[in-house]
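>>> just to be clear, the model below is a prediction. Sequence and coordinates:
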Amino acid sequence: MSATPFTRRKFLISTAAAASSAWFLAACSPDEGSAPEAAPSPSTVPQADIDQALDTETTLTFWTWVPDIENEVKLFTTKYPKIKVNVTNVGQGAPHYQKLRSTIQAGQGAPDVAQVEFQFINSFTLGEGDLLDLTPYVPATLKDSYPEWVWSQVFTNGGLWGIPQDTGPMGLLYRDDLLQAAGLQAPKTYDDFASAAQTYRSKNPKSYLVNVAPNQPGQLVAYLWQAGVRPFSFDGQQTVKVDLANEQAKNVVKFWGDLVTSGTASNDADFNDSWYQGLANGKWATLPIAAWGPVFLQGTAGKTSGKWRAADLPQWDASTIVSSNWGGSTNAVLKLSKNQVAASQLALFINTDKESALKFANEQFLFPAMKEILADPGFLNEEFKFYGGQKVNEKFAQISETVGTDFQWLPFMDFVYTNFNETLGKAFADKTDAVAGLQAWQDACAKFAKDQGFTVA
Amino acid sequence: MSTLVDAAPAPTTPLPRRSRLTAAKRRQYGAAYTLVLPFFIVFVATMIVPLVYAGYLSLYRTRLIGGTSFAGAENYIRALTDPLFLSGVARMAIFLVIQVPIMIALALFFALALDSGMMKLARFSRLAIFVPYAVPGVVATLMWGYLYGPDFGPFAQISRSLGFGPPPFLTQNGMLFSIMNIVNWAFIGYNMIIIYAALRSIPSELYEAARVDGASEPRIALSIKIPAVRPALLLTVIFSVIGTFQLFTEPKLMHTLAPNVIGTAYTPNLYAYNIAFVNQDANYAAALAFLLGIVIMIVSYIVQLTSQRKERLS
């Protein structure tokens, strides 16, 4: 309750600031990071306590869907033989979070460590919070191990809620052969992209330069992020910002909507069988996708090997290169854990020990979060035959440095993403006014926030 | 079912009073209760307790901020004015009116054909018609999803090679019929088996008598077989009503193929699921589930009532 006066003040500030969203972004967002309501940072846990916890017979439960993560866990248990780790896969994405929330609500059966994607962290910090602030359990220098934007994803409202595991900086994969046949090059700006889309379409009546997936909020949010839109924020208490329909966002959405309504871009749902076959059969000449995309595509469109290349996303402003992120996750420790120290060390070790982190990058193809791995020659210099021998990791490591910082999430992204399909996504699917769809998305999200008792700034 | 019910209120001794029970009778009762006890324990634990809990939940309101508070009938009022829920129920009503008659008619036709004894390969046909029911719903929907596919599905390819566009299987207008087709495909065999079993239990003397009177096979089917299997038909209709309103797997899986056609509220069950697990509003979902249960009970009751009236009239 002590937070109420602060919230009201904050609400007033935010309302006044809403008039000028640019100023709002510049002035208000950093303020939220160092907000006075942040819990006083607990003092660091002494190394002796950590050592003792790691030298005590302990069984940890770890919920994750990452394949073969047992290999990294094994490095940890080999180093600390008294710790036993049960790795359980309870489903990927939505089913995982549903079970996690159920066990948290029940107060029992929850794991010690869990996989949590960047955009879902906030949904676990509501109220008392379900996640353990890891600040006291990690070295003070950990911040310096990550690009700034990665750290801003896990360190919010004065707490460290997860150890970054993988990321998804956005790039553009394209079919070199198809573009050349159409007399085109990989577009550098969105203006180029729009005209290339038209040229390509006029020369290829059966295929498109690009697809606009009406079921993929993650991709659209990445487009917004790249354009500098910061539609969401959450103060860790009860104030949220939902600002999806600002001018910048409208421009981005209009761009993609126009491509769809003019028939220049297709509007197929993605990540289903038909889409996979389309990729393999050259239905699209480009694929804007995150850093986890290249290896995925290799598995999906094997017969197009050697024809793809990786590049930066097209830019809104040709003078600087800016990218964004789609996907990526962390390992978080639950407050309910009875072995918080050991659990925090598991999350820390598998993601920051060099051998373990390299394993993730080179064997499971998770795109690394840590600077050290992003600069590792073995990782960078791998030449991908599928991409004509291009060093794709090196390209995406460069892109990682250009990802815009300070992108925040709402504590109810499940709703926001699901509602996309019925508002903006539906506009793409039905080829109707995308900007009106964006407004509908904004209205639905703001209404949901109010219904749930949030103060909407 | 009916024999059990009929047998129960037929006591051999007039007005048996507890005090007069012999030791032997008491032992018998004891044995009977012991035998049904395991069922009741499981029934109470897995049906009654969750139902009561859901009913309790539906009277509260939980918000992400502010916690839980008593809401009375608020969730129910909200549901009755929720266009998404109502349109889902309406959609299922359309589904019911179109799909169930087609399915039951075909199931009856196949059952009569098999029962006529005039078919070669009768056993094989019976199995072939039944097999789709044995295919798990998830697999069936994935398979149909491929067949319906507008780009690489076989129907689309044939249609394109003939110079037409892809058939509108997965569009706003076509989707409901596409789902009906999957449900028909899966459940005709199941319903056929129920009707067929009922047909086999008709005493053959009736047929002989009819033939002696000069009745043709179609006449026998119409005047003897169909009236005789009416209870089985009623059973299949009621199962279908319940199944229709609880439709979930097919739309849930078709969602990945046509995410913008099948929204969160395509069927009432899907809506309740999304409210509970996406919107994290278990309270409202419980109210929706209860209302859906009431709708199912009303429709089932109407079906039963009309068929009973028909029986009385005939």
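Thanks, I have the structure now. Computed from a predicted structure; not experimentally measured.
>>> just the pLDDT for the residue nearest the centre of chain B.
In chain B, the residue lying closest to the centroid (Cα atoms, centre = their mean) is B:G243, at 2.7 Å. The pLDDT attached to B:G243 in the predicted structure is 91.
>>> residue contacts, it?
B:183, B:187 (Cβ atoms under 8 Å, 6 or more residues apart in numbering or on different chains). Glycine gets a C-beta too; all of them are placed from N, C-alpha and C.
>>> try A:W441
By Cβ under 8 Å, 6+ apart, A:W441 lies in contact with A:244-245, A:416, A:419-420, A:423-424.
>>> return the member of those residues nearest to chain B.
Distance to chain B, by Cβ to the nearest Cβ, is smallest for A:N419 among those, at 8.0 Å.
>>> that closest one: neighbour count?
Other residues lying near A:N419 total 24 when counted by other Cβ atoms under 10 Å in any protein chain shown.
>>> okay, and it sits in which element?
Per DSSP states H and E: A:N419 is located in helix A:413-420.
>>> assign a three-state SS to A:T330, would you?
Remark: A:T330 carries the secondary structure label strand [criterion: DSSP: H, G, I helix; E, B strand; the rest coil].
>>> can you tell me the SS state at A:V85?
The three-state label for A:V85, taken from three-state DSSP, comes out as strand.
>>> for chain B, see how far away it is.
Relative to chain B, A:V85 is positioned 28 Å away (criterion: Cβ to the nearest Cβ, to the nearest Å).
>>> that residue - how many residues pack around it?
By other Cβ under 10 Å, the residues close to A:V85 number 22.
>>> list the contacts for it?
Neighbours of A:V85 in contact, by Cβ under 8 Å, 6+ apart: A:59-62, A:73, A:76-77, A:346.
>>> can you pull out the strands in chain B?
Using DSSP state E, the strands of chain B run over residues B:60-63, B:67-70.
>>> just those strands: most buried one?
strand B:60-63 (a mean of 18; mean count of other Cβ atoms under 10 Å in any protein chain shown).
>>> quick one on the thing from earlier: which one of the strands of chain B lies nearest to B:R309?
strand B:60-63 (41.5 Å; Cβ to Cβ).
>>> does chain A sit close to that closest one?
Yes. Using Cβ under 8 Å from any Cβ of the partner chain, strand B:60-63 reaches chain A at B:R63.
>>> from the contact counts, what lies against that strand?
For strand B:60-63, the elements it packs on are strand B:67-70, helix B:282-313, judged by 3 or more Cβ pairs under 8 Å, 6 or more residues apart in numbering or on different chains; DSSP states H and E.
>>> output the ones you listed as a markdown table; include the columns mean pLDDT and distance to B:T81.
Written out in a markdown table, the entries for the helices and strands packed on strand B:60-63 read as follows (pLDDT from 0 to 100; distance: least, Cβ to Cβ, whole Å):
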| stretch | mean pLDDT | distance to B:T81 |
| --- | --- | --- |
| strand B:67-70 | 87 | 20 |
| helix B:282-313 | 87 | 12 |
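>>> out of those, which gets nearest to B:L199?
Go through the helices and strands packed on strand B:60-63 one by one with Cβ to Cβ and the one that ends up closest to B:L199 is helix B:282-313, at 18.2 Å.
>>> give me the residue from the stretch 201-350 of chain A nearest chain B.
Of the residues in the stretch 201-350 of chain A, the one nearest chain B is A:N215, at a distance of 3.5 Å by Cβ to the nearest Cβ.
>>> so that residue: helix, strand or coil?
coil.
>>> give me the neighbour count for it.
Tallying neighbours of A:N215 according to other Cβ under 10 Å, which is how burial is gauged here, yields 26.
>>> and stretch A:116-130, how far apart are its ends?
Using Cα to Cα, to the nearest Å, the gap from the first to the last residue of stretch A:116-130 comes to 12 Å.
>>> what mean pLDDT would you report for stretch B:75-94?
For stretch B:75-94, the per-residue pLDDT values average out at 93.
>>> how far off centre is that stretch?
With Cα atoms, centre = their mean, to the nearest Å as the basis, stretch B:75-94 stands 20 Å off its chain's centre.
>>> could you dump that stretch to PDB, C-alpha only?
The C-alpha coordinates for stretch B:75-94 follow below in PDB (Å, rounded to 0.1, in the frame of the first residue of the first chain):
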ATOM      1  CA  ASN B  75     -19.100 -13.600 -14.200                       C
ATOM      2  CA  TYR B  76     -22.400 -15.200 -15.400                       C
ATOM      3  CA  ILE B  77     -23.900 -11.900 -16.400                       C
ATOM      4  CA  ARG B  78     -20.700 -11.000 -18.200                       C
ATOM      5  CA  ALA B  79     -20.800 -14.400 -20.100                       C
ATOM      6  CA  LEU B  80     -24.500 -13.900 -21.100                       C
ATOM      7  CA  THR B  81     -23.600 -10.600 -22.600                       C
ATOM      8  CA  ASP B  82     -20.200 -11.600 -24.000                       C
ATOM      9  CA  PRO B  83     -20.600 -11.600 -27.800                       C
ATOM     10  CA  LEU B  84     -17.600 -13.900 -28.200                       C
ATOM     11  CA  PHE B  85     -19.100 -16.600 -26.100                       C
ATOM     12  CA  LEU B  86     -22.600 -16.200 -27.600                       C
ATOM     13  CA  SER B  87     -21.300 -16.300 -31.100                       C
ATOM     14  CA  GLY B  88     -19.400 -19.500 -30.200                       C
ATOM     15  CA  VAL B  89     -22.500 -21.100 -28.900                       C
ATOM     16  CA  ALA B  90     -24.400 -20.000 -32.000                       C
ATOM     17  CA  ARG B  91     -21.700 -21.400 -34.300                       C
ATOM     18  CA  MET B  92     -22.000 -24.700 -32.500                       C
ATOM     19  CA  ALA B  93     -25.800 -24.700 -32.900                       C
ATOM     20  CA  ILE B  94     -25.300 -24.300 -36.600                       C
END
